[in-house]
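*Asks:* Structure, please.
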Amino acid sequence: MAVVDGATLRIVDSSEAPTPQSPDPDAIPHAVVELARRLRGLDRVRRAGIASIGPIDSRRGVIELAPNVAGRPRSIPVAEVLKRELGFEEIYMANDCNAAAYAEYLARSGKERQDLLYVTISTGIGGGAVVDGRPLLGRRGNAAEIGHSVVDPAGYMRCGCGGLGHWEAYCSGRNVPRYARRLAEDGEVPTGSRLHSLALRGDAGPREIFELYRSNDPSSRPFFGRLATLMAAGLSTAINLFAPEVLVMGGAVYLNNEDFFRAEVFPRLQDFLMLEGPRIEGPVYGERSPLIGGALLAANGVGEARVEL
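*Replies:* Take a look at the predicted model:
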C-alpha cells in the first residue's frame, strides 16, 4: 500500500505485509486497514484506488473469490471496510492486472498511443488490456482474466478456481511444481532423474524447478518443452484476442526467468498466432505496476472503476 501524489505519481510513503492466509473474508480488509494506518500522509488522502486479486465485483468493491489464498475466502468486503475505517470519500477498484495495464499504458503515453496488453505470470496468471486509450474493465471489473483461458481441453490439471485445463493450472508460480509432481506421479518424468526427485519432494518452488532448466539437465528437457508450449499457447490466445501493439510482461515467474521465455516460449508463439506478434517489453514500474495503476484510476477518476457505496 502507498500514499501517492496524484499529480506527480511520487510515492509519499509505502508499506507491505504478506496476504493473510485465512478463510475469514474480513482478514484481508482488516490487514489492509492496519497497513494503511502506518503510512505518512494518510490524513490527506480523499480517494483510494484498489488493485486487487480477482474475480471481483468492482461496483460493490468486493473480492468475489481469492483462489490463491488458503481457504479460498469469498465475498471479501474490501471497499466497505476501507470507507468505514478510513473515511475515504471515493474508492476505485480494478483487477490488479487491469490496473497495471493502465499504469503501463500511461507510462508510454508520451509516445504514440498504442493498444497494450499486460500479462503477469506470478503466483497466478493475470492480464489487463487498454484499448483505444481506455482500460478494458468489463462486467464487474473482470475483463481479461486470461489465466483462466483453456490450454488443455483434456483437463489434466485443475485450476484453483475449480476449472479444468486453465493456463494458470499449469504455468503459474504456484502450479508449475504441482504440474511437475503430477507428471512424475503418472510416470511422465524419468524415474530417478533430478526432476523426478525434486517434483516428488513436495516442497519445491518454481525457483528450484527453473534452476534445473539452467543446469541443462537432459532428463528434464521434455518437461520444459511441454511447459514452454503451454506458456506459448496461453500467451498467443491473449494476443489473438486483444491484438495489442505492445505486450508488457511482468510477474516474478517471468522476471526471474526471462532467459527461459526468450529462448523457449517466445519462439513458439508463431506456431499459434494468427497475425504478426506484438512488441514485447518489460514493465516500466516493475512489481509496482498494479500499485501505481490503482492510484492512477483514483487520481483520474475513471468512472468504470468507481465503487458504489
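*Asks:* what's near enough to touch Met274?
*Replies:* Contact partners of Met274, counting by C-beta atoms under 8 Å, 6 or more residues apart in numbering, are Asn240. Quick note: C-beta positions are derived from backbone N, CA and C, even for glycine.
*Asks:* so how far is Asn240 from it?
*Replies:* Taken as C-beta to C-beta, to the nearest Å, the spacing of Met274 relative to Asn240 amounts to 5 Å.
*Asks:* Tell me the buried residues in stretch 182-201?
*Replies:* Within stretch 182-201, the residues scored as buried using 16 or more other C-beta atoms under 10 Å are 182-184, 189, 193, 195-196, 198-199.
*Asks:* quick one: which of these sit in helices?
*Replies:* With helices taken from DSSP state H, the overlap with the buried residues of stretch 182-201 comprises 182-184, 195-196, 198-199.
*Asks:* coming back round to it: got the buried residues of stretch 182-201 as JSON lines, with distance to Gln270 columns?
*Replies:* Output for these, formatted as JSON lines (distance: C-beta to C-beta, whole Å):
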{"residue": "Arg182", "distance to Gln270": "29"}
{"residue": "Leu183", "distance to Gln270": "26"}
{"residue": "Ala184", "distance to Gln270": "31"}
{"residue": "Val189", "distance to Gln270": "28"}
{"residue": "Ser193", "distance to Gln270": "30"}
{"residue": "Leu195", "distance to Gln270": "27"}
{"residue": "His196", "distance to Gln270": "32"}
{"residue": "Leu198", "distance to Gln270": "31"}
{"residue": "Ala199", "distance to Gln270": "30"}
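*Asks:* ok, which pair from the residues you listed is furthest apart?
*Replies:* Distance extremes for those: the farthest pair is Arg182 and Ser193 at 15.5 Å, using C-beta to C-beta.
*Asks:* Next up, phi/psi of Gly163, please.
*Replies:* Summarising the backbone geometry of Gly163 under the convention degrees, to the nearest 10, its torsions are phi -80, psi 160.
*Asks:* mind checking pLDDT for the closest residue in space to it that isn't next to it in sequence?
*Replies:* Distance criterion C-beta to C-beta, 6 or more residues apart in numbering; nearest residue to Gly163, sequence neighbours excluded, is His148 at 6.1 Å. In the predicted model, His148 carries a pLDDT score of 94.
*Asks:* now swap in Asp203 and tell me
*Replies:* With respect to pLDDT, Asp203 has a value of 86.
*Asks:* so who does Ala305 touch?
*Replies:* Contact analysis of Ala305 by C-beta under 8 Å, 6+ apart lists 49, 58, 92-94, 135, 137, 141, 297.
*Asks:* Tell me which of these fall in strands.
*Replies:* Judged by DSSP state E, these include 49, 92-94, 135 as members of strands.
*Asks:* quick revisit: quick check: of the contacts of Ala305, which lies closest to Ala79?
*Replies:* The shortest gap between Ala79 and any of the contacts of Ala305 belongs to Met93, at 6.0 Å (C-beta to C-beta).
*Asks:* Was I right to think the closest one contacts Ile50?
*Replies:* Yes: shown here, Met93 and Ile50 form a contact pair, counting by C-beta atoms under 8 Å, at 4.3 Å.
*Asks:* out of these two, which sits in the busier spot?
*Replies:* Neighbours were counted for Met93 and for Ile50 using other C-beta atoms under 10 Å; Met93 has more, 32 against 28.
*Asks:* Please report how far the more buried one lies from Asn256.
*Replies:* With distances taken as C-beta to C-beta, Met93 is found 29 Å from Asn256.
*Asks:* just Cys97 next, same as before
*Replies:* 18 Å.
*Asks:* Between those two, tell me which one has more neighbours.
*Replies:* Set side by side, Cys97 and Asn256 show more neighbours around Cys97, with 32 against 15, by other C-beta under 10 Å.
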